[in-house]
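>>> Provide a 3D model corresponding to the input given below.
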Amino acid sequence: MTIHHLMLFLHVVGVVVWVGGMAFAWLCLRPAAMQLPPDRRLTLWAAVLQGFFPLVWVSIALILGSGFAMLFEVGFGGAPLAWHVMTLTGLVMIAVFASIWFGPWMALRSAVGAEDWARAAVAMNLIRQRVGFNLGLGLITTAIATLGLGL
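Okay, the predicted model is just below:
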């Protein structure tokens, strides 16, 4: 095993946790949670995201660290175009997540704690929209990372 193999493994683990978690939340949890009354639904989301979002930060660290290690290994000029595009889309995804963390996530936690369900619903809707965008971008980034190498 080489350092490159280890970096690739850490990169894929980070992507699986982050993109897989968003897919689960969007495709499985969201439809199920819609069956609950607003107070229970928003409390559930706050609890789920409380556990998931720290994992996203760990995933970001793994993805950035391993991605740049692999990029530096071959040099920017020697890297395939797909790697450069993947870097750009990944950085956009990180910015979107940071906008969730420092914006509607803080508002959701505060609103659920205060049992202000209207404010919590607004915050959760913003989170839902941004996670949906990031999920789509994550799938595009995965396609670029794999299929883009064949172009």
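>>> Helices along this structure, start to end?
With DSSP state H as the criterion, the chain has helices at 3-24, 30-33, 38-74, 81-100, 106-113, 117-146.
>>> got a markdown table for these, with mean pLDDT and mean neighbour count too?
From N, CA and C alone the C-beta is placed, and that goes for glycine too. A markdown table is the format used below for the helices of the chain (pLDDT from 0 to 100; neighbours: other Cβ atoms under 10 Å):
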| stretch | mean pLDDT | mean neighbour count |
| --- | --- | --- |
| helix 3-24 | 97 | 16 |
| helix 30-33 | 96 | 12 |
| helix 38-74 | 97 | 16 |
| helix 81-100 | 96 | 17 |
| helix 106-113 | 98 | 17 |
| helix 117-146 | 97 | 17 |
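>>> so residue 130 makes contact with residue 102?
No - assessed by Cβ atoms under 8 Å, residue 130 is found out of contact with residue 102, at 11.6 Å.
>>> OK, contacts around the closest residue to residue 90 other than its chain neighbours?
Among residues not flanking residue 90 along the chain, residue 141 sits closest, at 6.0 Å (Cβ to Cβ, 6 or more residues apart in numbering). By Cβ atoms under 8 Å, 6 or more residues apart in numbering, the contact set of residue 141 is 86, 89, 90, 93.
>>> Now do the nearest residue in space to residue 18 that is not next to it in sequence against residue 115, distance only.
Take residue 18 and drop its neighbours on the chain: the residue closest to it by Cβ to Cβ, 6+ apart is residue 59, 4.1 Å away. Distance, residue 59 to residue 115, using Cβ to Cβ, to the nearest Å: 31 Å.
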